Each structure stands twice: as C-alpha cells, then as structure tokens.
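[1] sharing a sequence plus its predicted fold:
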Amino acid sequence: MDGKKARKLSETALRELPQMQKALETGRDQALSYGDRLEKKYGNLRLKRFVVASLGFERICFEAFELKIEY
C-alpha cells in the first residue's frame, strides 16, 4: 500500500488491516507484560498503558487502557 492510499483510509479501515491488528495485539501484550512487572516491583503506580502502531510513516493507531487492580 502506498502513502496516498494509507492517508485516505478511515480509522476503522486502518484498524481492520491484518498487519495493524497484529501490531496492536503484540503491543497490547508487551504493554501488559511490562506494566505488570513494574506494578509488582514498585507497587500501585496507577499506570495507564498505551499501544501505538504505525503503518509506515503515513498513519498511526493508538489505544489507551487501564487495568483496575485491587491491592
């Protein structure tokens, strides 16, 4: 896909691309794993986790999520 086509994609269409879904899933797993290690080491940090994935230099997708952990 070239840059012109990528810029014309809606956010929904961008998120439906298989490579973007895989990148977001991998990023989610990494953010959860790293965030969990930080929480275990330092206690209740009230971390917010973010996932950012790009389609080349043209487009990005991001998600923010927060876990609710009781201590």
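    Arrived safely. Numbering: from 1, shown residues only.

[2] how much space between the closest residue to Glu58 other than its chain neighbours and Leu14?
    Spatial nearest neighbour of Glu58, chain neighbours left out: Ala6 (3.9 Å); criterion: C-beta to C-beta, 6 or more residues apart in numbering. In this view, the C-beta of every residue, glycine as well, is placed from N, C-alpha and C. According to C-beta to C-beta, to the nearest Å, Ala6 and Leu14 sit 8 Å apart.

[3] overlap in contacts, the two.
    When contacts are counted by C-beta atoms under 8 Å, 6 or more residues apart in numbering, Ala6 and Leu14 are jointly contacted by Leu55, Arg59.

[4] the residue nearest to Glu58 contacts Phe57, correct?
    No: Ala6 is not in contact with Phe57 according to C-beta atoms under 8 Å; the separation is 9.1 Å.

[5] buried residues, the strand or helix carrying Lys4. List them.
    In the assignment (DSSP states H and E), Lys4 maps to helix 3-8. For helix 3-8, burial by neighbour count (16 or more other C-beta atoms under 10 Å) applies to Ala6.

[6] list the buried residues for the following helix or strand past it?
    Counting by DSSP H and E, the next helix or strand C-terminal to helix 3-8 is helix 11-16. Across helix 11-16, burial judged by 16+ other C-beta under 10 Å covers Leu14.

[7] and helix 11-16, what does it pack against?
    helix 18-42, strand 59-65 (3 or more C-beta pairs under 8 Å, 6 or more residues apart in numbering; DSSP states H and E).
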